[in-house]
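Chemist: Need a 3D model of the following:
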Amino acid sequence: MIASLIFLGVLLLLVLIIGGFVVGIYNKLVTMRNRFKNAFAQIDVQLKRRYDLIPNLVETAKGYLAHERGTLEAVTAARNIAYAASKAAAANPGDTTAMKNLTEAETGLGGTLSRLLMVSEQYPDLKANQNMMQLTEELTSTENKISFARQAYNDSVMAYNTGREVFPSNLIAGMFNFTSAELFAVDKPEEKVVPKVTFS
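Modeler: Presented below is the predicted three-dimensional model:
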């Protein structure tokens, strides 16, 4: 009788320890998932700010770039695609497909914006326009904020993915369907090109 009570007591203690361990890991994973979702919300705020600036930038440039209509339309179309992708990703930052779509859309938008700014450089009157200068400055500031927010998001995703992949957390993550999160890395081809330096 005493032996069976001791056995039940040990068994109960073991179940409580294992249960507490599972609850601790589960709560840690939930906390890390919420952190990366919050980090994406910070990106979303900056992306919306940029999406709001772009129509003003295009409108300001329209008067000066009448024969560059294709560039202006491409920027507007890329902005609309990126905005839709951003809304889908904001609804569920943990959705790998939505994040990949956002990454592709942001890469496209970045390319068309770069083209618009390069074209605007060829028009001194546009470059000197006070609205254009202010919008370009705000856009640059917003791009910097997006970069910082994206870095914070990627750090949170890395911590979450690592946390869910290490043993024994991977067992709990698998049982409770904690799926991996996608990094938000926008390709900027101009950053990958190594500048040529020549001393002549």
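
Chemist: Tell me the secondary structure at the most centrally placed residue in the chain.
Modeler: The centre of the chain sits closest to Phe184, judged by C-alpha atoms, centre = their mean, with a distance of 4.2 Å. Classification of Phe184 into helix, strand or coil gives coil, according to DSSP: H, G, I helix; E, B strand; the rest coil.

Chemist: That one contacts Gln46, doesn't it?
Modeler: No - proximity of Phe184 to Gln46 does not meet the contact threshold set by C-beta atoms under 8 Å, at 11.8 Å. (Glycine included, C-beta is placed from N, CA and C.)

Chemist: Run a quick neighbour tally on the closest residue to Asn129 other than its chain neighbours.
Modeler: Leaving aside its chain neighbours, Asn129 sits nearest to Thr60 (6.5 Å; criterion: C-beta to C-beta, 6 or more residues apart in numbering). Residue neighbour count, defined by other C-beta atoms under 10 Å, stands at 20 for Thr60.

Chemist: Let me know the secondary structure of Thr60.
Modeler: Secondary structure state of Thr60, per three-state DSSP, is helix.

Chemist: pLDDT score for it?
Modeler: pLDDT recorded at Thr60 is 85.

Chemist: quick one: it and Ala128 touch, right?
Modeler: No - between Thr60 and Ala128 no contact is recorded; they are 12.0 Å apart, counting by C-beta under 8 Å.

Chemist: ok so, going back, what's near enough to touch the residue nearest to Asn129?
Modeler: 126, 129, 131-132, 135 (C-beta atoms under 8 Å, 6 or more residues apart in numbering).
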